[in-house]
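1. curious how this folds, go ahead:
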Amino acid sequence: MTALPHDHTHDHAHPAPAAPSSPDTGDRKVDLKIIAVLFGCTVLITAVVARFLFDTPDYSNLLAMAAAILLGWPIVYGAAKSLITGRCSHDHGEACDHDHDHVRSDSHMEELVALAIIASFASGEYLECAAVAFFMLIASLIEHRTAVGALKSIESLIRITPTRAVKLADDGSESEVHAATLVPGDKVVVLPGDNIPGDGQIKEGVSTVDEANITGESLPVEKSPGDEVFGGTINETGRMVIEITRAGEDSTLGKVQGLILQAAQTRPAAVRELSKYAAFYTPVVVMLAGIIYFFSKDLSNSISLLLIACPCAIILAAPTAVVAALSSAARLGVYVKSVAELEVVRRVTAFVFDKTGTITTGQLAVTRMKPIDGMEAADLLRYAVSVEENSRHPVARAVVAIASKAKIQAGNTDNVEEVAGRGMKATVDGRAVMVGRQTWLQEQGVDLSAADISEGEGLSLLFVAVDNQYAGWLGMADQPREQAAAAIAELGELGVKRRVMITGDRQSPAARVAAAVGITDYSAEALPGDKLTLVEDLKKAGHTVAVLGDGVNDGPALAAGHVSIAMGAAGSDVAVNSARIALMNNNLDRLPFLVMLSRRTVAIIRQNLIATMIYILFMLALLAAGVLTPMWAAIGHGISSILIIFNSARLVRVGEDLEHHDDVVAKTETARPVQTTRVEPAPPVATA
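-> Numbering: from 1, shown residues only. Just a heads-up that it's a prediction; the model follows:
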């Protein structure tokens, strides 16, 4: 197996991580091994042919000896080096650092294969020795090539680290610099097709940015001055000037890379249990091989036992599944800090959601309008937007957004005055217009007795008056996320019994959102400490609790849960640091995916371990029956390891349906024509 490309001397959070061992050292060693296999195989075949061409076996034995040396040397050398340096080496002939090998083996398992080869050579069975070494090397090469496929997503993310940047000086001159030298405050020029060299804020230019590397989102995001961008994402269409806010190890990409490397180095519980016995395994197997030889005087039986007992399949059972699972999660913008967290997710029976910014978008939208009799909804909206377009308040942005969709043009506005927290007034086309809270308009002498607010339950109402006469109201709400209802329903189907929403918002908006997404268990007007109390109560009731939040206002609750998940973690240091699992996008459909991935990962690990045990028992039965030769033991060893890798690789495909859905949505959004939205009086409340 190949180690996760990472040099021990390279800090995980280096400002500019070098692209990991692409075809570098690891691939060169594999290429040399292929040459040795091809050359050794040629000599081996020649030895077999020579046995039939010559009357004396001397020529055949000499060629077989040469083949045994050529094919066996990489394995014996690797085992000796591993023994001397105290390192583990599963990939024959290639020692790898214990801390950075994604396939961990806590004992020198290759020593058993090396002993088998040395024993065959010492007994004079050169042809058998060469054949055993050949099949072991072939198995090693196939393992290496197939395992690389499971690492593609992880390696591709690590490789996207920008290496160069075009720095913009104060005098307007441009110079190419290494991305590692950038510091907050630097300005860089990013052209179409370039990787953005660090997190920053756009100062000039409009473009679309492909953020799939960070968030897993297929649809490019429109960017304009003032918007935030992430390092490692790709500028697609326009020239931008960006002021760097975070670079290198402090950037979102740097933190994500650290998460991946950290997770790849953690071990599942099954591996931790097996490692307790690893120190005794090799001596016990060697002792058993010696006992067999003592009683049977047949060295081939001892050699076969050494090959059967080399538990490469056991070593591969968990780590290959973990790497495949991490790869699948990373592809969809889900980053797990530890494999232990992934194991806990499968047992979750209660999810605690924050409302604002988690279940909902966190942005107000106009969902209902109620003009007085005799006034068109379009006229009411025109008066409102004419005043509100002069404000940066979230309520004003919601009014401007709906007017833009409805193609409503603002009138000529003068004498704009904003009363903080109350409302605004201005002269629109010569008429005095006031827009604001109900109490403020009443204080200004506007009679609101005709206002029918029965249809505005659960909404934030913005009242409009024209020439001091009530004209109508606009109802706004924080909209549930598009995938919220489906995701919460799917969690229920997966056996998550309690799905609880908690919010500090009023009862009526909380009830509206809960009903819209299918949650019957919710708590409104909650204080910050109430979230922590709720989590503790669920734990006392015997639930395994997952807490989902933004990591900003719910740090204690996140820390109290068995599993903590930060949503929309891209660009948020607090979110990445406070939770054990980070969702880089805001798609709630990643939650059912996470539960399914966790369960399938544990199931695959169990399948691998059980299949390996069955294989070992079967081979031991053949050995006891006297029908197993060392060559067939070597072939069986290779086949078992390869099957384990292929079984684990199935995890890479988990979530492909979500990825396909994202691609379809991206294509649909790109191809969708601009349509004019007609504003009707009192339209139905949008709940999805």
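2. and the helix or strand in which Ile642 is found, average pLDDT?
-> Secondary structure assignment for Ile642, by DSSP states H and E: helix 630-649. Confidence for helix 630-649, expressed as mean pLDDT, is 85.
3. quick check: longest helix of this protein.
-> Longest helix in the chain, counting residues (DSSP state H): helix 590-625.
4. give the buried residues for it.
-> 590-602, 604-605, 607-609, 611-612, 615-616, 619, 622-623 (16 or more other Cβ atoms under 10 Å). For every residue, glycine as well, the C-beta is placed using N, CA and C.
5. which neighbouring elements make contact with that helix?
-> The contact analysis (3 or more Cβ pairs under 8 Å, 6 or more residues apart in numbering; DSSP states H and E) places helix 590-625 against helix 269-296, helix 299-309, helix 312-331, strand 334-336, helix 339-345, helix 484-493, helix 630-649.
6. in CSV: these, plus distance to Gly549 and mean neighbour count.
-> Below are the helices and strands packed on helix 590-625 laid out as CSV (distance: least, Cβ to Cβ, whole Å; neighbours: other Cβ atoms under 10 Å):
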stretch, distance to Gly549, mean neighbour count
helix 269-296, 27, 14
helix 299-309, 49, 25
helix 312-331, 19, 26
strand 334-336, 16, 27
helix 339-345, 16, 21
helix 484-493, 15, 18
helix 630-649, 32, 22
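7. tabulate these (a markdown table), appending distance to Phe463.
-> Output for those, formatted as a markdown table (distance: least, Cβ to Cβ, whole Å):
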| stretch | distance to Phe463 |
| --- | --- |
| helix 269-296 | 60 |
| helix 299-309 | 81 |
| helix 312-331 | 48 |
| strand 334-336 | 44 |
| helix 339-345 | 47 |
| helix 484-493 | 30 |
| helix 630-649 | 61 |
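8. wait, which of these is closest to Asp521?
-> Asp521 lies closest, by Cβ to Cβ, to one member of the helices and strands packed on helix 590-625: helix 484-493, at 10.7 Å.
9. next, the angle from the closest one to helix 590-625.
-> Following axes from the mean of the first three to the mean of the last three Cα atoms, to 10 degrees, one obtains 40 degrees for the angle between helix 484-493 and helix 590-625.
10. of the helices and strands packed on helix 590-625, which is nearest Ser123?
-> When the helices and strands packed on helix 590-625 are compared by Cβ to Cβ, helix 299-309 sits nearest Ser123, at 4.9 Å.
11. need the residues that contact that closest one.
-> Outside helix 299-309, the residues that touch it by Cβ atoms under 8 Å, 6 or more residues apart in numbering are 112-113, 115-116, 119-120, 123, 125, 128, 132, 136, 285-286, 288-290, 292-293, 616, 619-620, 623, 626, 628-630, 633-634, 636-637.
12. from the chain's centre, how far out does it sit?
-> 43 Å (Cα atoms, centre = their mean, to the nearest Å).
13. what do you get for stretch 477-491?
-> With Cα atoms, centre = their mean, you get 21 Å for stretch 477-491.
14. start and end of that stretch, how far apart?
-> One end of stretch 477-491 sits 25 Å from the other (Cα to Cα, to the nearest Å).
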